[in-house]
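Student: what follows is a protein structure lacking sequence information:
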C-alpha cells in the first residue's frame, strides 16, 4: 500500500468518526428532549390511565358501540389510549398541556382538540361514532 493510499484511508476514517460523533450527539439530544417531554406529560398520562373519566369512556364506548352493532377495539400504546372501529380511530394522547383527542380516518389525522376530563365521555363517543354508522 502506498503512502497516498494510507493517507487517504486515514482521512476517511477520521471523517467517519467525526460524523459518527455528531450523529451520536444529535441522537442523545433527541432522546433527552423526548424524555423531558414525557416527564412533563406524566401527570396527564397518569390521570388518563387511572382516572374515572377513562373508565366511564370505556364503558360508554362498549355500550354505544354495541347499540350501533359496532365492535370498538381498545388498546393502550404507551400512554396513549386508542379506540378503533373499522377505519376510524380516536386517540387520547397526554401532553404537557393536557390531554388531546386526535381523530384519525384511514391512518390520516383529520383533527385534534383538547379533551376536557370534566366533560361527558358519552358525548365524545357518540360524536366519534356518528360518522361510522
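Tutor: Looks like it came in fine. Fair warning: this is a prediction, and the values are worked out from it, not measured in the lab.

Student: go through stretch 48-62 and flag the buried ones.
Tutor: Neighbour-count burial for stretch 48-62 flags 48, 53-54, 57-58, 60-61 (criterion: 16 or more other CB atoms under 10 Å). For glycine as for every other residue, the C-beta is placed from the backbone atoms N, C-alpha and C.

Student: ok, so of these, who is nearest residue 40?
Tutor: Of all these, residue 40 sits closest to residue 48, with 14.3 Å by CB to CB.

Student: need the buried residues of stretch 48-62 in TSV (columns: pLDDT).
Tutor: Conversion of these to TSV gives the following (pLDDT from 0 to 100):
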residue	pLDDT
48	91
53	94
54	94
57	95
58	95
60	94
61	94
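
Student: keep only those of these that are in helices.
Tutor: 48, 53-54, 57-58, 60-61 (DSSP state H).

Student: which one of those is nearest to residue 41?
Tutor: Of all these, residue 41 sits closest to residue 48, with 9.6 Å by CB to CB.

Student: contact partners for that closest one?
Tutor: 54, 79, 81, 92, 94, 99 (CB atoms under 8 Å, 6 or more residues apart in numbering).

Student: from those residues, pick the one nearest residue 2.
Tutor: Using CB to CB, these come closest to residue 2 at residue 79, 58.6 Å.

Student: pull the most distant pair out of the buried residues of stretch 48-62.
Tutor: 48 and 60 (15.4 Å).

Student: between the buried residues of stretch 48-62, which is nearest residue 28?
Tutor: residue 48 (28.8 Å).

Student: could you check how far that closest one is from residue 100?
Tutor: 10 Å (CB to CB, to the nearest Å).

Student: same check on residue 3?
Tutor: Taken as CB to CB, the span from residue 3 to residue 100 is 62 Å.

Student: the more surrounded of these two?
Tutor: Taking neighbours as other CB atoms under 10 Å, residue 3 and residue 100 compare with residue 100 leading, 16 against 7.

Student: just checking, that one touches residue 109?
Tutor: No. Counting by CB atoms under 8 Å, residue 100 stays clear of residue 109, with 10.7 Å between them.
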